[in-house]
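> Fold the stuff below for me.
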Amino acid sequence: MPESLTLTVSLRGTREVRDNCQLFRLAGLLDAFSEPTFRKVMDKYVDEGPSNLILDLSQIDFVDSSGLGALVQLVKKAQTAEGSVQIVTNPRVTQTVKLVRLEKFLSLQPSVDDALENVK
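Numbering: from 1, shown residues only. Here you go, the predicted structure:
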């Protein structure tokens with residue numbers, strides 16, 4: 001059963017541990033306001049493991065440069081821990097990521113099922 005996460009007033013979600021990965025479903029804003037808390041919480045979960053993460057951002061309304069920076073740092077941290085990050089996206093998030101040409105690095109996926117298939 002997913003556990004509820006209240007990261008900030010503007011960013012909330014759930015966390016579910018599967019066999020070899022953690023699935024986070026997030027909603028709201030991933031921006032300069034929520035980024036420090038997001039980064040701290042996600043770092044803790046990468047350390048706890050498993051280090052393969054799926055971030056379902058399909059319900060995210062807005063991502064700014066701070067949010068993108070946090071996603072890049074999360075991918076690097078997961079890779080250091082021998083893991084990976086798959087990001088389930090929506091058109092708004094995809095457009096923002098493509099503007100800065102990070103779509104390959106951030107491993108964007110169209111659905112949670114696709115992301116699960118890509119977990120090592």
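
> buried ones in the lowest-mean-pLDDT helix or strand in the chain?
Here the helix or strand of the chain ranked lowest by mean pLDDT, DSSP states H and E is strand 3-6, holding a mean of 85. For strand 3-6, burial by neighbour count (16 or more other CB atoms under 10 Å) applies to Leu5. For every residue, glycine as well, the C-beta is placed using N, CA and C.

> residues of stretch 62-80 that come out buried?
Neighbour-count burial for stretch 62-80 [16+ other CB under 10 Å]: 63, 66-68, 70-71, 74-75, 77-78.

> Adding pLDDT and secondary structure, write these out as JSON lines.
Compiled in JSON lines, the buried residues of stretch 62-80 are given as follows (pLDDT from 0 to 100; DSSP: H, G, I helix; E, B strand; the rest coil):
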{"residue": "Val63", "pLDDT": "95", "secondary structure": "strand"}
{"residue": "Ser66", "pLDDT": "96", "secondary structure": "helix"}
{"residue": "Gly67", "pLDDT": "96", "secondary structure": "helix"}
{"residue": "Leu68", "pLDDT": "97", "secondary structure": "helix"}
{"residue": "Ala70", "pLDDT": "97", "secondary structure": "helix"}
{"residue": "Leu71", "pLDDT": "97", "secondary structure": "helix"}
{"residue": "Leu74", "pLDDT": "97", "secondary structure": "helix"}
{"residue": "Val75", "pLDDT": "97", "secondary structure": "helix"}
{"residue": "Lys77", "pLDDT": "97", "secondary structure": "helix"}
{"residue": "Ala78", "pLDDT": "97", "secondary structure": "helix"}
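
> Closest one of these to Leu108?
Comparing the buried residues of stretch 62-80 against Leu108 with CB to CB places Leu71 closest, at 10.4 Å.
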